[in-house]
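Enquirer: Sequence isn't available, so here's the structure alone:
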């Protein structure tokens, strides 16, 4: 079963015997001012049409994630376009747009992983379920 077939979190938890809960991961995080570079990058992004997923990733998402790389230099590695093989026997190999490895700069993926979740067809739960499947290992 491919990742795109998982549209609800309940499907994922039932199939793999997992549990899910909602927690506030960011309760104690203080807002920070965007760097001049990020502000300029985002302002410049709209000087050309941002009409496709590729354009959004390149012009909007990537600069935001690179800002995090700068902020947490030496603590995280940003990956883009990599493939994660969770379970080849169940055809659970998928390319990922963006994710962070919680380790210093490395040439390959190590766990644990933080993923960036996108809403699928404007449905956040589908985006979470789809992305959760990528990272259940």
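Expert: Looks like it came in fine. Fair warning: this is a prediction, and the values are worked out from it, not measured in the lab.

Enquirer: can you list the weak-confidence ranges in this structure?
Expert: Low-confidence segments of the chain (pLDDT under 70): 1-6, 86-88, 90-95, 112, 116-137.

Enquirer: show me where it has strands.
Expert: Along the chain, the segments classed as strands by DSSP state E run 77-80, 83-87, 92-95, 98-101, 113-115.

Enquirer: and residue 18, which of those strands is closest to it?
Expert: Across these, residue 18 has its closest neighbour in strand 83-87 (12.9 Å, C-beta to C-beta). Glycine gets a C-beta too; all of them are placed from N, C-alpha and C.

Enquirer: returning to what we had before: format the strands of the chain as a markdown table; extra columns: distance to residue 48.
Expert: Converted to a markdown table, the strands of the chain look like this (distance: least, C-beta to C-beta, whole Å):
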| stretch | distance to residue 48 |
| --- | --- |
| strand 77-80 | 20 |
| strand 83-87 | 29 |
| strand 92-95 | 25 |
| strand 98-101 | 21 |
| strand 113-115 | 27 |
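
Enquirer: Point out the most buried one among those strands.
Expert: Neighbour counts (mean count of other C-beta atoms under 10 Å) averaged over each of the strands of the chain peak at strand 98-101, with a mean of 19.

Enquirer: Who are the packing partners of that one?
Expert: Secondary-structure packing of strand 98-101 (3 or more C-beta pairs under 8 Å, 6 or more residues apart in numbering; DSSP states H and E): helix 62-71, strand 77-80, strand 113-115.

Enquirer: Kindly reformat these as JSON lines and extend each row with distance to residue 29.
Expert: Below are the helices and strands packed on strand 98-101 laid out as JSON lines (distance: least, C-beta to C-beta, whole Å):
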{"stretch": "helix 62-71", "distance to residue 29": "12"}
{"stretch": "strand 77-80", "distance to residue 29": "19"}
{"stretch": "strand 113-115", "distance to residue 29": "14"}
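
Enquirer: looking at those, which is closest to residue 106?
Expert: Among those, the nearest to residue 106 by C-beta to C-beta is strand 77-80 (5.1 Å).

Enquirer: what residue of this protein is the furthest out?
Expert: residue 47 (25.4 Å; C-alpha atoms, centre = their mean).

Enquirer: measure that one to residue 37 for me?
Expert: 16 Å (C-beta to C-beta, to the nearest Å).
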